[in-house]
Each structure stands twice: as C-alpha cells, then as structure tokens.
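**Student:** give the three-dimensional model of this entry:
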Amino acid sequence: MSSREVDMDVVVAKIISLIISTGVSVLFGLFPCKLFQYFAKDITRLQKPVDYLIASMKCFSGGIFLGTCFLHLIPETRSKIEAVMTQSRSYSQYPVAELLTVVGFFGVLFMEHAIRSLYKKLQRLTDRERDYDDRNMFTFSSCRFGGSESDLDEHSMNSISMHDTLQAEHNTFIKSADQEETKETLESDIEPAPLQDLPVKTVVSELSRGDDSGKGQMRTAIFITALSFHGVFEGMALGLQSMESNVWVLCFAITIHRGILAFGMGLDHMRNEVKHRTMIFSVSSFSLLAAVGIIIGIAISTGAQLYEDVLLPDAILQSLATGTLFYIIFFDILYKELNGNKEVKKLSCVFVGFSIMAIIFAVTRR
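**Tutor:** Sure, this is the predicted structure:
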C-alpha cells in the first residue's frame, strides 16, 4: 500500500470523525427537547439525581481524556518535537515537548482569566448604566405626571435642587458600586480557582437575556470565544493525528466529552425555558467548534506530510493542544465535579474512563 493511500485513509477517517462528533453533539444537545415533551415533571422532580448523573459522566470523560493525554498525546508530542530537533540538527536533552505542553496549559489558564475579568467588568458597567437610566426615568415620570399645572412653577423652581439630589444619588451609587467591585476583586484573589465559574450554561443565560446593547453583544461574543478556545484545540488534537487508529481513539474521546457537554447545555436551555431558536443556535455553534479545530488540524498535518517546513507548526500545535486538554481535565472537569475525596463514585468514574483508554491503547498498539 502506497503512502498516498495511507494518507488518504487517515484524511477520510478524520472527515468521518468530524461528522460523527458534530452530529452526536447536535443530537445530544437537542435531545432534552424531546425529553421535556414527555417527562418534564419527572425531570424537574429528579433534578438532583439527573445533575449528579451528568457530573459523573463528565468525570468519566475526564478519565478518558486523562488516559488519552498520558498514554498517547504526550508520547506523540515528544516524538514530533524530536523529529523537528533532529531535522534542525539539535541534540539537546531539554524536555521541549513537556515545556510546550505546559505553555499551552498556562495559555488557556491566563486567557480564561482575562476573559472572565473582562466579562465581569462589562457586566458591572451595564448594570450600573441600567440602574442609572431607571433612576432618571423614575425622576422624569415624577416631574412630568406627578402634579397639576399650578405645580409647574414649583417644579421649575426646584429643578436645580432635584438635579443636585439626583447627582448626589448617582455619586453615592457609583461609590457603592466601586466598593462592591473592590470587594469582589479581593474575594477573587483568595479563591483557589476563580476561573471555574465559566460553565457552558453561562452562554445560555447570556443568549436568553436578549440584550441588544453593545456591551451585551460583547459579553456574548466573549463567552463564545471562551468556548471556541477549548473546542477548537480539542478538535485540533484529533486533526493533527498521523495514524488512522489514533484518529478513531481521539474521535471516541472527543465525541463522548462534547456529547455530554451538549446534553448539559440542552438541559439548561429547557430548564430556563429558552426559545427554541436560541437553543438551536447555541447548540449548533457549540457543536461546530470542534469541527473547526479538526479542519485546521487536517490542513496542518497534511502539509506536514508533504512539506518539511510544516513540521515545526505541527509539533507546536500538537503540544499546545495537549496542554489545553490537560486544562480541561484538571480544571474544567475534575476540579468542578470532585469534592476532595468524598465523591468516591465520581472518582470511580474517572478510573473507569482511564482504564478503558488504557485497554484500547494496549489493543491497538500490539
């Protein structure tokens, strides 16, 4: 079998994986609509068990990603970096692959911290302006409709006084808002991991607000960017694979993880009674993020097979994608779902997921 045929088999496997992961995410995201049509009361009554089951499945996907990273992505990243260094005639023993992986991990960490800070700042400004507009509207209504014609002169005489009073109230409100902002900043500084209040369902609440202002649209764009940052690198880890068996293994891992997240998003939509149009838009957007990463990975990996100059970007992006998956495992899944060593069942789900991937790699690499 020629190398061209082998390469085409890998590309076809990646395209099929793209279709599978995207389709499963869309179906799982829209499936709660059907569930609420027939079992709305039961799902509402069993909300805690359902949430616990979803959390356990997330831990299971975390175990799958854990096995994928340690048993496959890290060794493959190391081999790609060694190939690049051999090509450049560098024989340093410095662990460059591990360094780039940690760079990807901290890159996601700092990016989400910046996104979270920017979002909270925009939210405070929007709430402050909305409250100030409400105060102005209330004052205008009182002046316009609160008295008879004989009271107009009195209102005219007191307009300056009312303006001063309103200005004083506004300054007091600004001062209290600044104090609350300082307090929130101090509290966020002592939180062990303040980045973890950016769940997928926050996008649901943002889209359901219907805020058409510039800041509202910017907040929604910020959260979509936060989600795309994860999803694109997840898909890129699959698209950069060079062996067909590894493609199917990554497809299995990513499909389970994205499907569980999409189901949780759809469930939050239904509980919050979000419009179906908004639900379809958000679930479809979320499902297409990994597809974008897979397409980028296919283009880069194919170029790396054809041209030696593309080996370095391929190796770097593989390292960054591995670091992103580490962030998803330890911060986005395990930190959120595990409560110390009390959640024995969830810990068992992590172990089962890791064990399944260990068995799969043992079978596929004989």
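
**Student:** what are the ranges of the helices in the stretch 51-200 of the chain?
**Tutor:** Under the criterion DSSP state H, counting those that start in this stretch, the stretch 51-200 of the chain contains helices at 74-87, 96-145, 152-157, 159-190.

**Student:** whoops, I mixed them up, the stretch 251-366 of the chain
**Tutor:** Per DSSP H, counting those that start in this stretch, the stretch 251-366 of the chain carries helices over the ranges 276-306, 311-327, 335-337, 344-364.

**Student:** of the ones you listed, flag the one that's most buried.
**Tutor:** Highest mean neighbour count of these: helix 311-327, a mean of 23 (counted as mean count of other CB atoms under 10 Å). All C-beta atoms are positioned from the backbone trio N, CA, C, and that covers glycine.

**Student:** which other helices and strands does that helix contact?
**Tutor:** Other elements packing on helix 311-327 under the criterion 3 or more CB pairs under 8 Å, 6 or more residues apart in numbering; DSSP states H and E are helix 74-87, helix 96-145, helix 214-239, helix 276-306.

**Student:** quick check: mean pLDDT of that helix?
**Tutor:** In this model, helix 311-327 has an average pLDDT of 87.

**Student:** touching it from outside, list them.
**Tutor:** 65, 68-69, 73-74, 76-77, 80-81, 83-84, 87, 97, 100-109, 229-230, 233-234, 236-237, 240, 297, 300-301, 303-304 (CB atoms under 8 Å, 6 or more residues apart in numbering).

**Student:** filter these down to the buried ones, PyMOL style.
**Tutor:** A single PyMOL command is used to select the members of these judged buried by 16 or more other CB atoms under 10 Å:
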select buried, resi 65+68+69+73+74+76+77+80+81+83+84+97+100+101+104+105+107+108+229+230+233+234+236+237+240+297+300+301+304
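
**Student:** got the helices of the stretch 251-366 of the chain as TSV, with distance to Thr255 columns?
**Tutor:** Below are the helices of the stretch 251-366 of the chain laid out as TSV (distance: least, CB to CB, whole Å):
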stretch	distance to Thr255
helix 276-306	9
helix 311-327	14
helix 335-337	20
helix 344-364	13
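
**Student:** which of those sits closest to Phe36?
**Tutor:** Evaluated over these, closeness to Phe36 peaks at helix 276-306, with 11.0 Å, by CB to CB.

**Student:** state the mean pLDDT of that closest one.
**Tutor:** pLDDT averaged over helix 276-306 gives 82.

**Student:** other SSEs contacting it?
**Tutor:** Partner elements for helix 276-306 (3+ CB pairs under 8 Å, 6+ apart): helix 3-45, helix 201-209, helix 214-239, helix 244-271, helix 311-327.
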